[in-house]
Every structure is written in structure tokens, then in C-alpha cells.
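**Student:** just to be clear, the model below is a prediction. Sequence and coordinates:
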2 protein chains.
Amino acid sequence: MSGIRLGLVGVGKIARDQHFPSIEATDGIALAAAASRSASVDGIANFTSLTEMLSGTEIDAVGLCTPPQVRYALALEALKAGRHVLLEKPPGATLSEVEDLVEVAREKGVTLFATWHSRFAPAVEPAWDWLAKRSVRRAVITWKEDVRRWHPGQEWIWEPGGLGVFDPGINALSIATHILPTTFFLTGSTLSFPENRQAPIAAKLAFTDANGLDLTADFDWRQEGPQTWDIVVETEDGGSLELSEGGKKLTLDGKPVIDEPDAEYRGIYRHFVDLVGSGTSDVDIAPLRHVADAFMLGRRETVDAFHEEPI
Amino acid sequence: MSGIRLGLVGVGKIARDQHFPSIEATDGIALAAAASRSASVDGIANFTSLTEMLSGTEIDAVGLCTPPQVRYALALEALKAGRHVLLEKPPGATLSEVEDLVEVAREKGVTLFATWHSRFAPAVEPAWDWLAKRSVRRAVITWKEDVRRWHPGQEWIWEPGGLGVFDPGINALSIATHILPTTFFLTGSTLSFPENRQAPIAAKLAFTDANGLDLTADFDWRQEGPQTWDIVVETEDGGSLELSEGGKKLTLDGKPVIDEPDAEYRGIYRHFVDLVGSGTSDVDIAPLRHVADAFMLGRRETVDAFHEEPI
């Protein structure tokens, strides 16, 4: 086995759908072990906890695919054991714990990578490149999907810290903070909480920047039928950019220029191999900071109860 | 007039009660102008806006005593005009806008000072000094006051961004983040929203750190009778510290060691003069970050409506 020997904690849907095939496809890294309370993976060493995995097999890095509410303790344990750490998004349940992890990684001299998978969608870098030379006047984010379809039975997303509709919404924010050539901040938000839930099912956000940018975001988890993950940008010089299907398609000034299949997690693992190789970390807290700002500044409204099975 | 010529924006209760006498008592700075939509101050130049003040008189620095929801635009205008800026707490309505101001101050080469007045209470530095050599096992923050007594008629504190009970609670957090010799982060919070308000009237917070610190905070705005602003700390070596009356009194291992009158704002202005003199900034976002974390991770509960006049 050559390259980085990775142990993955949390063998759920995202691990099997995305992480396993992407690790397999990436040079310089290989899946050596998995830790899960209930699941096991064929062909590698299996453990029921991170602690057992760290002492029971030789790994260089740990990938965390667990819910954000328990991510800190695991990340800290791995970093303190001198392992590089890759965090699924969001990097933690709070901003403060992520700051602490950055500090620990620096002290231990290991790589910490807070991943934002949507930033690796095929049209995101070309969008960044096109916008880098322009000023933005207006941008509209529309991120509407059906929670029953994408998060079946995931009760933790409705608990405090689960973030509700910000779980997909933070993907949009991770793209926007990357491609928009300005530092923006929230001016107002409305959060819609189902009367039986502790996390919002919808959110409307307004942002601006030092130059009066008009940026709005509309997140909704009640979208049946066609699903929408679009960012539309108007530039000061009259140009237009449309990034759609979560970053797979790009249209510039009305002309389609990119339409490629998703390979986000391959991009993540390629970047992780580079970070470990160069001895650097990559932790951009901005998307989670905007979410925290939206909760802090949010006007709360109560909406219909949400039930997993439609009544 | 020698030293820093200061223009103050927002002539309300905090400006008259605290800022004016403290500026008067501090060497190296003098109040040169005030901007307010409605109030005026005897003996100095008065303006109805920051824009008018910047063009109408010569000032070196701007102090902002306006509500946090409008602080960013004013701070940005002053910084871009090359003036040093002093921000009342909290430094902004969002974390992201404060990050942006830090960047602008750096670019312009001027001082930005995000004040946390409670850090200048007389017993805070001695508490920091005593704790610096110790490990903390447990700490309890109790911050309970009567909102009707301390914030009469201040409707903005109940609006989104007004922070509700975190307006005083952030004072406790500004002390705790300063004196506790560890980086802590939130593990859970419960926020109590009056059924007719958009900001919490009470909050219970739990924090920990990498070593299992047990830190709790109990904020309540419904406290009639005696008011409580206490931080009690137990150290690993069996020592105890009690910081009470918001930082005016200090008791170490049962022995009262400090009991002094408040002079917080004099400390603020002395520090501001030092910062300007040395060409540095002081912006610690940690207290506001904990508040944002508490909103993001908070379990919300609805409690009795709050009315300014008891029914």
C-alpha cells in the first residue's frame, strides 16, 4: 500500500456513495481501515471506534463522516495522535471548536482539511475564474430540494446543530464565498421552523458588501418535483453567469460552456493528497460563519409541522 | 486641543453615562464632535450624521455608540476616511461584517478597537493573572438582571440582531474568554424566546474544552430584586475564584481581595490611546462567536410574552 493510509470514521450513506469510490480513484491515498458502531467494510480493517482504530492499525490520516455534533472530539483525538484529518462539511457544530482544531493541527504539524464538496463541482473553478476579473452587482442563490428524498430518516438534521435546510444551503454558501470576488455579509434573514422541529425547513437570506452588492439566498427543503440548485450573477459590466445543478452546469452571457458529471469527492481527495504533501491545512470557516450569522440575526417564524411520512 | 480628536456617533444613555466622563478623564484624547439625529452636546461641534461630521470638522477618530444593527456602515465610512474607530460592544450584528472591517482597517493603516467594557472592570486583570498559572476544572457564570431596569424602552434589543439577553450575557462571555486559561466552545444551549419577541429573554449554555472543562452560563433578564453578575471558578488544584458584581469584586480561596468602583470606560479609552499610539488594532471576536454558536446550536423554547410595563 503506497501513499496516505486513510481510516474513515462513520460508514453511512455519504461514505459509501462518495468517499469509498473517490478514494479508490485517487492516486496517493488508499482506504486502510473503517470505524463504525454498526457497519463494516469488506477488504479492510474494521473497528467500532476511532480509539480502537488508532491503536489497532497503522494509518496516517483520518476522515470524519459522522454528524457535525460529534465531530470535534473525534477530530481532536486524531490530531492529538498526530494524524492528518479530513472533515466532512460542516467542519463542526460550532465556529469556536473549529478555531480550536486549527490551533491543535498547527501545534501538531499535521494537515487539517475542512472540506466543502460543492467547491469541487466541475463548473465552480471556471465560474471563479470568469468572475475574478469582474465586479458583481447582483446575485441570487436558489437552493430548493425535497428533504424526504435527500435525507430519508436522518433525524439528526432536525436536532439543534443539525442546521436543517442549511445542511444543503451551506453548499451554496461554500460556492458563493469562493466564486464571488468580494467579502459579503448578512443584513437580514428569516428562518422558518416547523412547529415540531428544532431546525429550519426554509430560510431567506439577504447579504451585501462594502459596495452595496445585492445578494439574496432562498433555501427551501419543501421542494417537490424538479430540484433547484442555482446561482445567478449579474456583473457591473452587464455580464451574466448562471451556475446550475449545484455547480455541474455553467452558462456565461447566455451561452452554455460547461455541463459535466459530478466528480466532487475526487477533487476533495486530490486536494487532500496535495495538502498532506505540502504540509499545509485548508480550513475556510466562512460558509459556517454565514450560517451562524443567519441564526443570530434571524427573524424566526413558525410553519407547519414536518413529518417524515406525508400525512 | 492635544492628542486624539474624537467624534462620537450616537448620543444616547451609554454615551452620556460612560463615554463623555471617561474621555474627559483620559489623557491623550478629547471629545471634539458628536453626531446624532436628535441630541446635541454642549461645548463641541454637533452634526446630524457621520458624513457631515467627517467633512465638517477635523477629527482623528470615531467612536460608535449606535445599536449594532447599523454599526458596520458607519465603521466602514470612518475607516475608509482614514479615521481610527472605536466600536461599542458587540462590534457588529454579524461575525462576517467584523471580519471585513478588520481587513479594511489593515488596508488603511488605522486602528480598529472592538471594545468589551467588562474586560476593564477592576477585578478582571487580577483574576486573569491568578488563573494564568492554574488549570480550570469547573466554572459557573450567573448573569441575571432586570431588563426593565437596565434597558427601559430599548425596543432594538428585542429585534433580530439585538441579541436579547445576550446583550448583557456577552459581557460575561467577554470576561470568561479573557480570564479562563483555555479555549472553550459550546456543547449545547437552550434559548427562551418570549412568544411576542424575536430575541431570547433567557439562555442556558454549556461549554467544554479539549480537557473536559465543565463551564455553564445562566443568563436571565427576568431577575427582579438583587441583580447577579458572577463568575465562579474551581481550579484543578482545589483553588476557588469568585468574580462578582460584573467584575468589581474578587474573592480568591474565600478571601476578598478586591472591591473597587467601576472605571471600565476609562480603561477603554486609555487602551484606545495606546493602540492608536502604537498603530495596532484590537479586535477579539470570540465573545460574539460564542453568541452566534449559541443561536446556531440552540434549542428554542417559547416562554411568556414580555411587555415593557408589567401587566
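**Tutor:** Happy to help now that I have it. Residues are numbered from 1 along each chain as shown, chains lettered A, B, ... in the order given.
**Student:** list the contacts of residue A:242.
**Tutor:** The neighbours of residue A:242, taking C-beta atoms under 8 Å, 6 or more residues apart in numbering or on different chains as the test, are A:230, A:231, A:232, A:233, A:249, A:250, A:251, A:252. To be clear about C-beta, it is placed using only N, CA and C from the backbone, and glycine gets the same treatment.
**Student:** so it is in which element?
**Tutor:** Taking DSSP states H and E as the criterion, residue A:242 maps to strand A:240-244.
**Student:** what residues does the following helix or strand past that strand touch?
**Tutor:** Beyond strand A:240-244 on the C-terminal side, the first helix or strand identified by DSSP H and E is strand A:249-252. Counting by C-beta under 8 Å, 6+ apart, the neighbours of strand A:249-252 from elsewhere in the structure are A:123, A:126-127, A:130, A:239-244, A:256-259.
**Student:** pLDDT averaged over the strand holding residue A:242 - what is it?
**Tutor:** Mean pLDDT, taken over the full extent of strand A:240-244, equals 98.
**Student:** same question for stretch A:133-153.
**Tutor:** Per-residue confidence for stretch A:133-153 averages out to 95 on the pLDDT scale.
**Student:** now swap in stretch A:292-305 and tell me
**Tutor:** The predicted confidence, averaged over stretch A:292-305, sits at 96.
**Student:** is chain B contacted by that stretch?
**Tutor:** Yes: applying C-beta under 8 Å from any C-beta of the partner chain, one finds that stretch A:292-305 is in contact with chain B at A:292, A:293, A:295, A:296, A:297, A:298, A:299, A:300.
**Student:** so which of those residues are in helices?
**Tutor:** Cross-referencing the residues of stretch A:292-305 next to chain B against helices under DSSP state H gives A:292, A:293, A:295, A:296, A:297.
**Student:** immediately after the lowest-mean-pLDDT helix or strand in chain A, which helix or strand?
**Tutor:** With mean pLDDT, DSSP states H and E as the measure, the helix or strand of chain A carrying the lowest mean pLDDT is helix A:13-14 (a mean of 86). Toward the C-terminus, helix A:13-14 is succeeded by helix A:20-24 as the next helix or strand (DSSP H and E).
**Student:** in that next one, what counts as buried?
**Tutor:** Across helix A:20-24, burial judged by 16 or more other C-beta atoms under 10 Å in any protein chain shown covers A:20, A:22, A:23.
**Student:** output the residues you listed in CSV, with pLDDT and distance to residue A:12 appended to each entry.
**Tutor:** As requested, the buried residues of helix A:20-24 are exported to CSV (pLDDT from 0 to 100; distance: C-beta to C-beta, whole Å):
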residue, pLDDT, distance to residue A:12
A:20, 96, 11
A:22, 96, 15
A:23, 97, 15
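**Student:** make a markdown table out of these and add distance to chain B.
**Tutor:** Written out in a markdown table, the entries for the buried residues of helix A:20-24 read as follows (distance: C-beta to the nearest C-beta, whole Å):
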| residue | distance to chain B |
| --- | --- |
| A:20 | 30 |
| A:22 | 29 |
| A:23 | 29 |
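**Student:** contact partners of stretch A:128-137?
**Tutor:** Where contact means C-beta under 8 Å, 6+ apart, the residues beyond stretch A:128-137 that reach it are A:178-182, A:211, A:213-214, A:233-237, A:239, A:241, A:252.
**Student:** so which of those comes closest to residue A:92?
**Tutor:** Within those, the smallest distance to residue A:92 is 19.3 Å, found for residue A:178 (C-beta to C-beta).
**Student:** min pLDDT across the contacts of stretch A:128-137, which one?
**Tutor:** Least confident of the contacts of stretch A:128-137 in the model: residue A:211, at 91.
**Student:** residue A:268: how many residues sit nearby?
**Tutor:** Other residues near residue A:268 come to 25 when the count uses other C-beta atoms under 10 Å in any protein chain shown.
**Student:** is it true that it lies in a helix?
**Tutor:** Yes: judged by DSSP: H, G, I helix; E, B strand; the rest coil, residue A:268 forms part of a helix.
**Student:** check contacts around the spatially closest residue to it that is not a sequence neighbour.
**Tutor:** With sequence-adjacent residues excluded and distances taken as C-beta to C-beta, 6 or more residues apart in numbering or on different chains, residue A:268 is closest to residue A:115, at 5.0 Å. For residue A:115, the set of contacting residues under the criterion of C-beta under 8 Å, 6+ apart consists of A:86, A:87, A:88, A:89, A:268, A:272.
**Student:** could I get the residues you listed as a markdown table with secondary structure?
**Tutor:** As requested, the contacts of residue A:115 are arranged in a markdown table below (three-state DSSP):
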| residue | secondary structure |
| --- | --- |
| A:86 | strand |
| A:87 | strand |
| A:88 | coil |
| A:89 | coil |
| A:268 | helix |
| A:272 | helix |
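**Student:** give me the phi and psi for the nearest residue to residue A:87 once chain neighbours are set aside.
**Tutor:** Closest residue to residue A:87 in three dimensions, ignoring its sequence neighbours and counting by C-beta to C-beta, 6+ apart: residue A:114, at 5.0 Å. With angles defined as degrees, to the nearest 10, residue A:114 sits at phi -90, psi 100.
**Student:** burial of residue A:114, as a residue count?
**Tutor:** Residues lying near residue A:114 (other C-beta under 10 Å) number 24.
**Student:** circling back to that earlier point, any figure for the gap between the residue nearest to residue A:268 and residue A:70?
**Tutor:** When distance is defined by C-beta to C-beta, to the nearest Å, residue A:115 is 17 Å away from residue A:70.
**Student:** just residue A:177 next, same as before
**Tutor:** When C-beta to C-beta is the yardstick, residue A:177 and residue A:70 sit 25 Å from each other.
**Student:** the more surrounded of those two?
**Tutor:** For residue A:177 versus residue A:70, the count of surrounding residues by other C-beta under 10 Å is larger for residue A:177: 21 against 16.
**Student:** tell me if the more buried one really is in a helix.
**Tutor:** Yes: in this structure, residue A:177 lies within a helix as judged by three-state DSSP.
**Student:** before we move on, back to that, list buried residues within the contacts of strand A:249-252.
**Tutor:** Using 16+ other C-beta under 10 Å, the buried members of those are A:123, A:126, A:127, A:130, A:239, A:241, A:242, A:243, A:244, A:258.
**Student:** make a markdown table from the residues you listed and add distance to residue A:191 to it.
**Tutor:** What follows is the buried ones among the contacts of strand A:249-252, written out as a markdown table (distance: C-beta to C-beta, whole Å):
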| residue | distance to residue A:191 |
| --- | --- |
| A:123 | 29 |
| A:126 | 33 |
| A:127 | 28 |
| A:130 | 32 |
| A:239 | 33 |
| A:241 | 28 |
| A:242 | 27 |
| A:243 | 25 |
| A:244 | 25 |
| A:258 | 33 |
